[in-house]
Structure formats: structure tokens, C-alpha cells
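Asks: Sequence and predicted model, in that order:
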Amino acid sequence: MKKRMKFFAKISMCLTVFVFLFFTAGPLDAAGKKAVDEEKSSSMQMMERVETIVYGETGKGGLIERLNSVEKELFGRSLPGSISERHIAILNFLEVGTADQPSMLFKLGVAEWIVRQNIQPRRSALSRMESLESELDGEMQYGKPVAMRVERILATLVADPVTFQEIILPTATVVKVKFLEELGPAQSKKGDSVGLALTDDLFVDKNLVAPRGSLIDTIVRDVKQPRMFGVPGQVFLEFRALMPLGPQRPPVAVGDAAKKAAEAAKKSGGRGEGALIGAGAATIGGMVIFGPIGAVSGLFVRGDAIKIPEGSIMFVETSGDVRVGGWPVPESLRIDPGATIRESIVPRTTTTTTTTTTTTTLGSGGDGVSGRETIELPAEQKIN
């Protein structure tokens, strides 16, 4: 009898342990599943980010298949490591760079600036590179890794490797920007991205920080439609940051320096690139635009003729001193870089002029050596 009681006691204890493990394993499994799901979600987000940069759109199919495909496109082979490590390595290559090497997007921007004196950051990296290849060589280098193709373009344009210099972009540095599309309550929604691009190159101590065409990260913070009894519509914009060649994102706002620049431009009648806005209370077709001063970074638009035309101009300024990476422009390119590259593509006979001339030797394979009038480097942005 005692043996039987001991047996049942052991069985009861085992059942108790089993029940305990069963009910405690549930939450542990759920937590583990949540962690796995979060890792998958993070990997998918990084994969989509990589594909958007390279191709301009996200791909289809399994994660591993897509990762292998983009690695082969960029490097000609797959990278070692876990999925997360491979994603991070690709994003660092594309956007961040290393202590010695700028990112691929930095290098693409430099190449575009040399050839066209502006950049096209809204296009995919692949299309930007192919456009440069077509313009320089007349054909695309299909089948070769993108990393190799970008280096080949740069070797055609400049003799030395493209590097970067860390410099301070001072606070209240004013930049002029233009709207890349029409804006207004009728077509804008909360959360929409707003196209704003620099109209001039931004230099600091002869270092190119942000070429013409660089974007200002801007979103529509809120939209209110016109209402009855003449209540006008409203659009609130939030300016987040300047997007220069390097990975840094200096914050921007509409402050005193930007407003002074807008007022000065308004008095001088500088409206060549579109309707000037942003000066205290400028009016365009019935709209009044106010730029708030201080910590709040945004633009308030209201009126009955609710539209800011594409090409309209305004000013923003940097908020705080920020360390950024700039490209030290070689002495040979401190002239009109577009003219230099055009001469390398269509060789010209060396001529003698009565003006000051300069001789430029392009990178490996470059044959554009000719006499031409010296042109000063574009003026640096004035700091008010």
C-alpha cells in the first residue's frame, strides 16, 4: 500500500511539473515568436530600403533570393554573415561609407556634379549611374558590379580617388530652395513628402557639402481644407533636414537669417526661378506664407487660391553647428566643371587666348587638355 502511495505521489509530482511547464512554455514561445517576427520585420524593412536606393522600388520573392540578387548587382558575389549583418554592410556601403572611403551615393553625387553641376537624388542609384555611363561612354557596362562601374566613372573624371573632409557647417547657414512640384490643400495630404531642392551649390572652405539639386527632407505636417463662410485652407510643412553628399542630416528651419535673405531677395526683385516666398508674409495668388521663428520648424500656407506653383522659391537655414563630410574639390576643377568634362568627351584643339588659361588633366583615360578662360569657383553661401 505504501509503495502504491509513493508511486501515485511520484506520478502526481510529474503531472504537476508537466502542467507547470505546459502553461509557462506558452508565453515563452509567444515571446520567442515575437522576437523572430520583429527580426523578420526589421530585415524586410532593411531589404526594402536597399532595393529602393538601388532600383527605385522594392522587389518580389523571398528575402534570401532578393538579398543574393542585390549583392550580386552591387559586388558580383554574396557577402558573408547573417542576413542582418549583410543588410547593414550594404546600407553602410550605399549611404554611410567608412573612415577612409565615402559612400557610393556620395561618389555618385560627386560624379554627377562634375558632369552636370547638379545631382539627381530622387532617382535610383542604378539609373543615375547608367545615365552617367551613357553620357560619358555612350554605352552601359552591363554585367559588371555596380561598385566597379562607379569607380570606373570616377577614374574617368578625376585623377585622384574621391575622399571626404570633415568640416563644420555653421548654424544659420542660409540656403535657397525651390519646390519641385505644386503644393496646396487640394493635392497635399498629411504625411506627404514635399520636394524641395537647393538651387545653388553649398560650399564650406572649398569643400562641396551639398551640390545643386540636394534635397531638403520635408513633409506635410497637417492639411485643412477650405470651409464655409470664407474660412481658408491651410497647409503646414515641417522641414526636417538638409540631405548633403555625406550621411549627416543637418536640421533646418525657417528662422531670422532665412527671413532676412528672403526680404533682401524680394527687395532686389530676384524672382528668376519662380515666385519668391518665405519672406515674413509674402503673398502668391491669394496665399500668405509665414515662416515660424525658433524651435518650431515649418511653413504655414493659407488662402483661397490654394496653390504654390512648381519652381517657387524660399529660404531655409541650418539649426546648430553640425559636423559634415564634404568633398575637397581639386584645384583643376575649381573652374566650370561642366566645360572641363565636355572637353574630355569632345576633344578640342588647344588654342591660345589673351585671357588667363589653365590646363587640366583628367583621370585615367581622360584626354581633355585644352586652354580655356579661368572661371571662379561658385561663391560660397553667405552666413548672415
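Replies: Thanks, I have the structure now.

Asks: pretty sure P211 is touching T199, no?
Replies: No - the pair formed by P211 and T199 falls short of the contact definition of Cβ atoms under 8 Å, at 11.1 Å. To be clear about C-beta, it is placed using only N, CA and C from the backbone, and glycine gets the same treatment.

Asks: who has more neighbours, the two?
Replies: P211 (24 against 16; other Cβ atoms under 10 Å).

Asks: residue contacts, that one?
Replies: Counting by Cβ atoms under 8 Å, 6 or more residues apart in numbering, P211 makes contact with G109, E112, W113, Q117, N118, I119, L198, D201, L202, L245.

Asks: Leaving out sequence neighbours, find the closest residue to it.
Replies: Leaving aside its sequence neighbours, P211 sits nearest to W113 (Cβ to Cβ, 6 or more residues apart in numbering; 4.3 Å).

Asks: what do you get for K206?
Replies: V329 (6.0 Å).

Asks: Quick check: the gap between that neighbour and E181.
Replies: V329 sits 31 Å away from E181, going by Cβ to Cβ, to the nearest Å.

Asks: For these two, indicate the residue with more neighbours.
Replies: V329 (19 against 13).

Asks: right, and R334 touches L208 too?
Replies: No - R334 is beyond contact range of L208, at 10.6 Å (criterion: Cβ under 8 Å).

Asks: count of residues packed around D205?
Replies: Residues near D205, counting by other Cβ under 10 Å: 11.

Asks: neighbouring contacts of the helix or strand encompassing V115?
Replies: V115 is part of helix 104-116 when elements are defined by DSSP states H and E. For helix 104-116, the external contacting residues (Cβ under 8 Å, 6+ apart) are 53, 93-95, 97, 118-121, 125, 128-129, 132, 135-136, 146-147, 150-151, 153-154, 157-158, 162, 164, 201, 208, 211-214, 245-246, 325, 327, 333, 337-338, 340-341.

Asks: Model confidence score at Q225, please.
Replies: Note for Q225: predicted pLDDT of 77.

Asks: Pop the domain breakdown of the protein in here.
Replies: Residue ranges for the domains of the chain, per automatic domain parsing: 2-96, 165-325.

Asks: what about T156, how many residues close to it?
Replies: 22.

Asks: Now the element after whichever helix or strand it is part of, going C-ward?
Replies: Take DSSP H and E as the rule and T156 turns out to sit in helix 146-157. Going down the chain from helix 146-157, the next helix or strand is strand 165-169, by DSSP H and E.

Asks: What lies in contact with that next one?
Replies: 204-205, 207, 209, 250, 318, 321-328.

Asks: Pick the one among the residues you listed closest to S312.
Replies: Distances from S312 to these, taken as Cβ to Cβ, are shortest for T318 (21.1 Å).

Asks: neighbours of that closest one, just the number please.
Replies: 26.

Asks: Likewise for L157?
Replies: 25.

Asks: Repeat that for the one 5 residues further on.
Replies: The local packing count at V162 equals 22, with neighbours defined by other Cβ under 10 Å.

Asks: gap between it and Q117?
Replies: 17 Å.

Asks: Also R49?
Replies: In terms of Cβ to Cβ, R49 sits 29 Å off from Q117.

Asks: again with V209
Replies: 15 Å.

Asks: And for K190?
Replies: Where Q117 is concerned, K190 sits at a distance of 36 Å (Cβ to Cβ).

Asks: ok, those two, which is more surrounded?
Replies: Remark: of K190 and Q117, Q117 carries more neighbours, 17 against 12, as counted by other Cβ under 10 Å.

Asks: correct me, but the more buried one touches R212?
Replies: Yes - counting by Cβ under 8 Å, Q117 touches R212, with 6.4 Å between them.

Asks: any residues in contact with both of the two?
Replies: Counting by Cβ under 8 Å, 6+ apart, the shared contacts of Q117 and R212 are D201.

Asks: Strands along the stretch 151-300 of the chain, start to end?
Replies: 165-169, 174-179, 196-198, 202-204, 207-210, 215-224, 233-243, 252-253, 282-284, 287-290, 299-303 (DSSP state E, counting those that start in this stretch).

Asks: Can I get these in a markdown table including distance to K266 and mean neighbour count?
Replies: Conversion of those to a markdown table gives the following (distance: least, Cβ to Cβ, whole Å; neighbours: other Cβ atoms under 10 Å):
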| stretch | distance to K266 | mean neighbour count |
| --- | --- | --- |
| strand 165-169 | 26 | 16 |
| strand 174-179 | 12 | 22 |
| strand 196-198 | 19 | 23 |
| strand 202-204 | 22 | 22 |
| strand 207-210 | 24 | 25 |
| strand 215-224 | 20 | 18 |
| strand 233-243 | 20 | 21 |
| strand 252-253 | 19 | 24 |
| strand 282-284 | 7 | 16 |
| strand 287-290 | 12 | 20 |
| strand 299-303 | 16 | 21 |
